[in-house]
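In: Compute the structure for the input listed below.
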Amino acid sequence: MEIRRDNLQHPQVIELIRAHLDAMAPTAPDESRHALDIDGLRGPDITFWSVWDDQKLAGIGALKQLSSEHAEIKSMKTAKDYLRRGIASALLSHLIREATNRGYKQLSLETGSMAFFEPARKLYSLFGFMPCAPFADYVEDPNSVFMSKQLNGDKNAASEK
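Out: Model (predicted):
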């Protein structure tokens with residue numbers, strides 16, 4: 001597996017982003033879905049990565065800079081053929097390391113409160129993310145769970161499991 005910084009041009013990446021958005025559509029009303037579309041993921045405050053198994057896309061994820069000390073995880077998604085094979089853990093470890101290397105003190109995320117998102121919430125908890133209040137432009141929402149992790153700033157101590 002190889003984790004690469006990505007420009008969101010590859011057809012497999014575009015398709016996985018679309019599948020990610022489509023899978024969330026029935027889970028909550030529009031105003032409670034905060035996943036970014038392809039144009040949003042190309043924003044200047046976003047860094048996007050893809051995980052490849054030779055020529056096959058295994059997963060995606062991004063970091064959004066909120067401030068010089070705070071970032072948000074966006075659009076973590078594992079391709080269907082790679083579920084329960086450690087892709088999400090490897091990508092989350094990568095995102096935490098990258099956030100630590102960039103000097104962020106806090107890493108946050110928003111995910112759904114519904115059963116559909118239970119595996120994601122469990123994974124984030126295993127990596128030390130704790131429930132928190134809404135951050136950035138988010139507001140309290142029964143369809144959202146907000147989680148955050150303090151980063152210790154030690155670039156060599158980013159192993160999280």
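In: what about this protein, any weak spots by pLDDT?
Out: 153-161 (pLDDT under 70).
In: what ranges do the strands span in it?
Out: Here the chain has its strands, by DSSP state E, at 2-5, 46-53, 56-65, 70-78, 106-112, 130-131, 144-150.
In: mind giving me JSON lines with those strands and columns for distance to residue 100 and mean neighbour count?
Out: For the C-beta atoms, the positions are set from N, CA and C on the backbone; glycine is no exception. Output for the strands of the chain, formatted as JSON lines (distance: least, C-beta to C-beta, whole Å; neighbours: other C-beta atoms under 10 Å):
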{"stretch": "strand 2-5", "distance to residue 100": "15", "mean neighbour count": "12"}
{"stretch": "strand 46-53", "distance to residue 100": "14", "mean neighbour count": "20"}
{"stretch": "strand 56-65", "distance to residue 100": "11", "mean neighbour count": "22"}
{"stretch": "strand 70-78", "distance to residue 100": "10", "mean neighbour count": "23"}
{"stretch": "strand 106-112", "distance to residue 100": "8", "mean neighbour count": "22"}
{"stretch": "strand 130-131", "distance to residue 100": "17", "mean neighbour count": "11"}
{"stretch": "strand 144-150", "distance to residue 100": "10", "mean neighbour count": "18"}
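In: Any chance of these in TSV with distance to residue 92 as columns?
Out: Compiled in TSV, those are given as follows (distance: least, C-beta to C-beta, whole Å):
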stretch	distance to residue 92
strand 2-5	11
strand 46-53	11
strand 56-65	7
strand 70-78	7
strand 106-112	10
strand 130-131	15
strand 144-150	10
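In: Quick one: closest of those to residue 11.
Out: strand 56-65 (9.4 Å; C-beta to C-beta).
In: Show me the contact partners of that closest one.
Out: For strand 56-65, contacts defined as C-beta atoms under 8 Å, 6 or more residues apart in numbering pick out 1, 6, 10, 12-13, 16-17, 20, 36, 41, 43, 45-52, 71-79, 81-82, 85, 87-88, 91-92, 94-95, 98-99, 102.
In: tell me the contacts of the residue nearest to residue 109 when sequence neighbours are not counted?
Out: Spatial nearest neighbour of residue 109, chain neighbours left out: residue 73 (4.2 Å); criterion: C-beta to C-beta, 6 or more residues apart in numbering. Counting by C-beta under 8 Å, 6+ apart, residue 73 makes contact with 61-64, 92, 95, 107-109.
In: closest to residue 24 among those residues?
Out: Closest to residue 24, out of all of the contacts of residue 73 and judged by C-beta to C-beta, is residue 109, at 14.2 Å.
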